[in-house]
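**Q** Have a look; sequence and predicted model below, questions after that.
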Amino acid sequence: MAAKIDIETIKKLKELSGVGLTDAKNALVEADGDFDKALEAMRKKGLTKAEKRGDRETREGMIDSYVHDGRIGAIIEVNCETSFVAKTDEFKDLAHKLAMQVASMAPLYVSEEDIPEEDKAAKMKELEENFKGPEKMKDQILGGQMKKAFADKVLLSQPYILDDTKTVADFIKDNIAKTGENITVKQFKRIELGVTE
């Protein structure tokens, strides 16, 4: 007997995969109503639309940690769209490598949007006071200096420790392409023995 598939499940699959309602329903029918199985089957057939991934919500995922030599530790929350992907070895490996990145490179913020306005304002004031370039190029030069000043403090902008030809953001994008799901870093915390914030 065929499994009963409700319209809400079909809509959810449609939203996550970026396909039409008919394709979503057919995938669920073929998977006997198993949502994760249907999603994986659609991925294998290449029905997932990559360009929509960045807009999709990430409510699943995992928390991972890394401790180096008992002296430096990092804990990180990495999110994806489904529990199916969150349980894969590839996703676990990604989360662990990102925890290693945090322990190694000591970022302060996940993305540029997370930098507090007061920190940006204080840095801009400092740069303006020390500015010695041509006045007509001031905005452009200061903009570049601001980006550079915070680049090593922003996790997504840092060079990836295991391949410095790419940034952490590029490394995450590579994994988005592999999993077919949007992946985001929600938060992290780094602790160093004897150092308090």
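**A** On my side now, so go ahead.
**Q** List the buried residues of the strand or helix carrying residue 175.
**A** Per DSSP states H and E, residue 175 falls inside helix 168-179. Judged by neighbour count using 16 or more other C-beta atoms under 10 Å, the buried positions of helix 168-179 are 168-169, 171-172, 175-176, 179. The way it works is simple: take the backbone N, C-alpha and C, and place the C-beta from them, glycine included.
**Q** Please list the outside residues in contact with the helix or strand that contains residue 41.
**A** Using DSSP H and E, residue 41 sits within helix 35-44. Contacting residues not belonging to helix 35-44 are listed as 9, 12-13, 16-17, 19, 23-24, 27-28, 30-31, 48, 82-84, 180 [C-beta atoms under 8 Å, 6 or more residues apart in numbering].
**Q** what's the pLDDT at residue 15?
**A** At residue 15, the pLDDT value in this model is 72.
**Q** brain fart, residue 69
**A** Among the per-residue scores, residue 69 holds a pLDDT of 92.
**Q** same check, this time on residue 163
**A** Taken from the predicted model, the pLDDT recorded for residue 163 is 93.
**Q** now swap in residue 35 and tell me
**A** At residue 35, the predicted lDDT confidence score is 85.
**Q** how many neighbours does it have?
**A** Residues lying near residue 35 (other C-beta atoms under 10 Å) number 19.
**Q** any idea how far residue 106 is from it?
**A** Residue 35 sits at a distance of 39 Å from residue 106 (criterion: C-beta to C-beta, to the nearest Å).
**Q** what are the pairing partners of the next helix or strand after the helix holding residue 41, and which direction each?
**A** Read in the C-terminal direction, the helix or strand following helix 35-44 is strand 60-68, with elements assigned using DSSP H and E. Taking DSSP bridges as the criterion, strand 60-68 sits next to strand 72-80 (antiparallel) in its sheet.
**Q** show me what contacts residue 101?
**A** Residue 101 makes contact with 107, 155, 158, 160-161, 168 under the criterion C-beta under 8 Å, 6+ apart.
**Q** tell me which element it falls in.
**A** In this structure, residue 101 is located in helix 89-105 according to DSSP H and E.
**Q** elements contacting whichever helix or strand comes after that helix?
**A** Along the chain past helix 89-105, the next helix or strand (assigned with DSSP H and E) turns out to be helix 117-129. Packed against helix 117-129 by the contact rule (3 or more C-beta pairs under 8 Å, 6 or more residues apart in numbering; DSSP states H and E) you find helix 138-151.
**Q** Does anything pack onto the helix it packs on? Which helices or strands?
**A** For helix 138-151, the elements it packs on are helix 117-129, judged by 3+ C-beta pairs under 8 Å, 6+ apart.
**Q** Show me this structure divided up by domain.
**A** Following automatic domain parsing, one finds the domains of the chain at 7-48, 60-111+153-192, 116-151.
**Q** can you pull the pLDDT of the nearest residue to residue 81 once chain neighbours are set aside?
**A** For residue 81, ignoring the flanking residues on the chain, the nearest one in space by C-beta to C-beta, 6 or more residues apart in numbering is residue 181 at 4.3 Å. With respect to pLDDT, residue 181 scores 86.
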